[in-house]
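Undergrad: heads up, no residue letters with this:
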């Protein structure tokens, strides 16, 4: 089919120099990516942290700790508690506040962090007595998990004492409090989210003692594990990481073994990114020091997904330093691609009023403004009131994505 | 914690003979499973098919065909078409009807099948002219996919001709029609669903040329591929397949490497089963001839999930012979387990009115009645108006599932 249809994007609209995507040209196609990689490799070894900034007040951040360190923290907390009881001051916890007013976007770090406001949680007050009891109970459960070196889900944790917790939102909230209190990530607490992500491509790593070779994972790929602390020893000759919003595009890339021609690692969380995939991406990026290029739908929801990977969510801002990958490049599908690649009108979808509202709100957000090239893209989207899915590229042929769109974008360094 | 809590299920309520779950006892624990396996291995090599039954009328069923066979079918269809046009009879398709009245449960086969009613789809009628055009277009697209030997999603297919298809439900419906028309499964048409399932345990197979060893897949497991025709050469020393409803339970089993102690293959579709996982399970079961034991929530939704694995869904009844695994044993969590294992009251959830209605409706269904031991279980659930999740077992300790509940159930042959 569609010699006629294909005519669209291969015309002058895209690039003056017509690129032939034969295998010999791979190095040429990837020259711009290589430049990006060079910049990253030249980054200072130690990234900027909160303590490097002379900020007016203190911040609360968490770090990955191993099971022994978490147990030490828990035991120290309980000892302090015992001391205050002995001194007649009663039994109370000091818990960092996680309310919106205690959160802040730090432009130097390009992510949301938690400020230093604390809340008291005395057992002697009728208002906080239940919360204090739940806090103590979860401390003991986490201590147990650390001893056994096993991981459970939030749901498992809830079921260990339904009588006390009453509903899961209560145990979940206090688990997040605990994370801030002990200064360690939620996965250090051995409580993990369920997995959703998949990875394929030029990567090997060790997972719980097993050597995983992601270039030998067929077309289905390897499920990204829920417990990132069991993942170690990343090895890769990839030049970039391709972060894909949806599994349909992932499938196309995996089946065409895109990574064999263009050395890369392909990751998807199948929609809204889960914690496990975010942790995995962050760890991958910081170990391999290669660029992350994102392929998302051209709509506000696609940008929202990028923002979760890059800036984190408000809900887990205390953990933003471990969950976020700040320097993701927006490869496509960008609003300006629609005309440049002549996406047919019938493959573009009208934005709903809600979409437009979401987009306008985003325009005002600091993280969009901190990427100056994103603003005109988002403005274009809102002005034209048009969105498009990655799949819209199939209108030029099923393999247009892997055989033309991506090589063309990579060769042109067409990301922002 | 909980020497006191654990006391519950280890008392007489469960079994008179107290079983110690030390490694030496694995053979003893699995004796009942081995019996089940023996029965399966003794099954006649060729399973009963529709043609073996002397049924009053013909049925429409589909089989897996390779790309060449599908192309042959498409070309034959188009030749017939050309002939009828030459003979002045015009251009029309004959398409098997997929309405509810043309569907039927066949107790001998224990699944839903499609009867032989056909519908005409002439191009000359204003009522069917669009449908005929879409049918012809999708035939040509599928032919292309078969030539290229690539797989796409329904969404990709839709985007190749949005102008004609208008919305995805139209191309989806006609794709299913085509499957019946050509007598081949939807995956033979090279149009696949997105993947959701994960597998781990004592299994190796070849996926698109790569050797996959599922016992070396860390704790995250291997993603089940969307294109089952790329999966071949199953090898396993597992004694059974453990089919798990939810990923939290899957994670527990994977992290505890349950399959190392009790040789098995563990699969989950993370909720509602997708086509890829159903195809994978079916293929696994028919190649390895080992029993499938299911671990689902004790609620009508858990049974519904079992029914989709076992009997298929109405929507894809024409494909039921390839998608279903009829002889799954319901291992747990069964309504009778709640009292026998002394699940604490606060871990049991009250059934909603909707739950009770769903349960009552199920009781009348043939597939429940064809499993006589399931009826009293479902009746008990409805009578007590109580449901429970697999996670409720965590109330006895995080590893109660893998260290006590499952070994105990397996040893007692406690499935139905």
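TA: Done, it's in. In this text the structure is predicted, and so the values were computed from the model without any measurement. Numbers count the residues shown, from 1 in each chain, chains lettered A, B, ... in the order given.
Undergrad: Just to check, residue A:298 is in contact with residue A:333?
TA: Yes: the pair residue A:298 and residue A:333 passes the contact test of CB atoms under 8 Å, sitting 4.3 Å apart. Just so you know, the C-beta spots here come from the backbone N, C-alpha and C atoms, and that holds for glycine as well.
Undergrad: overlap in contacts of the two?
TA: A:388, A:389 (CB atoms under 8 Å, 6 or more residues apart in numbering or on different chains).
Undergrad: neighbours around residue A:202, how many?
TA: 20 (other CB atoms under 10 Å in any protein chain shown).
Undergrad: Identify the residues contacting the nearest residue to it once chain neighbours are set aside.
TA: Sequence neighbours aside, residue A:238 is the residue nearest to residue A:202 in space, at 4.1 Å (criterion: CB to CB, 6 or more residues apart in numbering or on different chains). Residue A:238 is in contact with A:201, A:202, A:203, A:259, A:263, A:264, A:265, A:288, A:290, counting by CB under 8 Å, 6+ apart.
Undergrad: Give me the contact status of the helix or strand harbouring residue A:260 with chain B.
TA: Following DSSP states H and E, one finds residue A:260 within helix A:258-261. No: remark: helix A:258-261 sits outside contact range of chain B, by CB under 8 Å from any CB of the partner chain, the gap being at least 11.8 Å.
Undergrad: before we move on, what about stretch A:75-84?
TA: No: using CB under 8 Å from any CB, stretch A:75-84 never reaches chain B; the gap is at least 15.2 Å.
Undergrad: hmm, who's touching that stretch?
TA: A:90, A:91, A:92, A:93, A:139, A:143, A:181, A:182.
Undergrad: got the contact list for the last one?
TA: Contact partners of residue A:182, counting by CB under 8 Å, 6+ apart, are A:62, A:65, A:70, A:73, A:74, A:77, A:189.
Undergrad: how about 7 Å then?
TA: Neighbouring residues of residue A:182 by CB atoms under 7 Å, 6 or more residues apart in numbering or on different chains: A:70, A:73, A:74.
Undergrad: Quick one: mean pLDDT over the helix or strand containing residue A:175.
TA: Using DSSP H and E, residue A:175 sits in helix A:168-182. Across helix A:168-182, pLDDT averages out at 91.
Undergrad: List, one by one, the residues from the stretch 151-300 of chain A near chain B.
TA: Within reach of chain B by CB under 7 Å from any CB of the partner chain, the stretch 151-300 of chain A has these residues: A:151-153, A:155-156, A:159-160, A:162-163, A:194-195, A:198, A:207-208, A:210, A:212, A:216-227, A:230, A:247-248, A:251, A:255.
Undergrad: Would you mind giving the secondary structure of the residue nearest to residue A:202?
TA: coil (DSSP: H, G, I helix; E, B strand; the rest coil).
Undergrad: State the phi and psi torsions of it.
TA: When read as degrees, to the nearest 10, the backbone of residue A:238 gives phi -70, psi 150.
Undergrad: Separate out the buried members of the contacts of stretch A:75-84.
TA: Among these, those buried by neighbour count (16 or more other CB atoms under 10 Å in any protein chain shown) are A:91, A:92, A:93, A:139, A:143, A:181, A:182.
Undergrad: could you list every residue that touches the second one?
TA: Counting by CB under 7 Å, 6+ apart, residue A:92 makes contact with A:120, A:121, A:122, A:123, A:132.
Undergrad: go on, the fourth one?
TA: Residues touching residue A:139, when contacts are defined by CB under 7 Å, 6+ apart, comprise A:74, A:77, A:178.
Undergrad: Look up how far residue B:370 lies from it.
TA: Distance, residue A:139 to residue B:370, using CB to CB, to the nearest Å: 51 Å.
Undergrad: Next: the third one.
TA: As for residue A:93, its distance to residue B:370 is 56 Å (criterion: CB to CB).
Undergrad: just the last one next, same as before
TA: Residue A:182 sits at a distance of 54 Å from residue B:370 (criterion: CB to CB).
Undergrad: Same question for the first one.
TA: Distance of residue A:91 to residue B:370, given as CB to CB: 59 Å.
Undergrad: Pass me the low-pLDDT residue ranges in the stretch 151-300 of chain A, would you?
TA: For the stretch 151-300 of chain A, not a single residue meets the criterion pLDDT under 70.
Undergrad: quick one, strands of it?
TA: A:152-153, A:191-192, A:198-201, A:204-207, A:210-213, A:222-223, A:231-235, A:240-244, A:264-268, A:292-295 (DSSP state E, counting those that start in this stretch).
Undergrad: what comes up buried for the last one?
TA: The reference is to strand A:292-295. Buried residues in strand A:292-295, counted by 16+ other CB under 10 Å: A:292, A:293, A:294, A:295.
Undergrad: would you list these in a markdown table and tack on distance to residue B:395?
TA: Compiled in a markdown table, those are given as follows (distance: CB to CB, whole Å):
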| residue | distance to residue B:395 |
| --- | --- |
| A:292 | 42 |
| A:293 | 46 |
| A:294 | 42 |
| A:295 | 44 |
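Undergrad: Confirm residue A:408 sits in a helix?
TA: Yes: the assignment for residue A:408 by three-state DSSP puts it in a helix.
Undergrad: Got the domain ranges for chain A?
TA: The record's domain parsing of chain A by automatic domain parsing lists A:3-46+A:193-412, A:57-192.
Undergrad: now that we have the contacts of residue A:182, which one has the most neighbours?
TA: residue A:70 (23 neighbours).
Undergrad: Closest one to chain B out of the buried residues of strand A:292-295, please.
TA: Nearest to chain B, judged by CB to the nearest CB, of the buried residues of strand A:292-295 is residue A:295 at 14.7 Å.
Undergrad: So which bits of the stretch 301-416 of chain A are right by chain B?
TA: So the stretch 301-416 of chain A meets chain B at A:346, A:347, A:391, A:392, A:394, A:395, A:398, A:399 (CB under 7 Å from any CB).
Undergrad: Could you report the neighbour count for the second one?
TA: What it means is residue A:347. The number of residues near residue A:347, taken as other CB under 10 Å, comes to 21.
Undergrad: returning to what we had before: out of the domains of chain A, deepest packed?
TA: Each of these was scored by mean neighbour count; the highest is domain A:3-46+A:193-412, a mean of 19, by mean count of other CB atoms under 10 Å in any protein chain shown.
Undergrad: Check whether residue A:278 really touches residue A:309, as I assumed.
TA: Yes: between residue A:278 and residue A:309 a contact is recorded at 6.2 Å, counting by CB atoms under 7 Å.
Undergrad: tell me the mean pLDDT over stretch A:333-347?
TA: Averaged across stretch A:333-347, pLDDT comes to 93.
Undergrad: With stretch A:393-408 instead?
TA: Mean predicted lDDT for stretch A:393-408 stands at 92.
Undergrad: Look up phi and psi at residue A:105.
TA: The phi/psi pair for residue A:105 (degrees, to the nearest 10) reads phi -90, psi 130.
Undergrad: correct me, but it touches residue A:366?
TA: Yes: under the criterion of CB under 7 Å, residue A:105 lies in contact with residue A:366, with a separation of 5.1 Å.
Undergrad: Quick check: of the contacts of stretch A:75-84, which lies closest to chain B?
TA: residue A:143 (10.1 Å).
Undergrad: Just the element for the closest one, please.
TA: Judged by DSSP H and E, residue A:143 forms part of helix A:129-148.
Undergrad: The strand or helix carrying residue A:354: how far from the chain's middle?
TA: Using DSSP H and E, residue A:354 maps to helix A:353-363. Distance of helix A:353-363 from the chain centroid (CA atoms, centre = their mean, to the nearest Å) equals 22 Å.
Undergrad: contacts for that helix?
TA: Under CB under 7 Å, 6+ apart, the answer for helix A:353-363 is A:299, A:300, A:303, A:368, A:375, A:378, A:379, A:381, A:382, A:385, A:387.
Undergrad: again, but for stretch A:33-53
TA: A:59, A:61, A:108, A:109, A:113, A:239, A:240, A:289, A:290, A:291, A:410.
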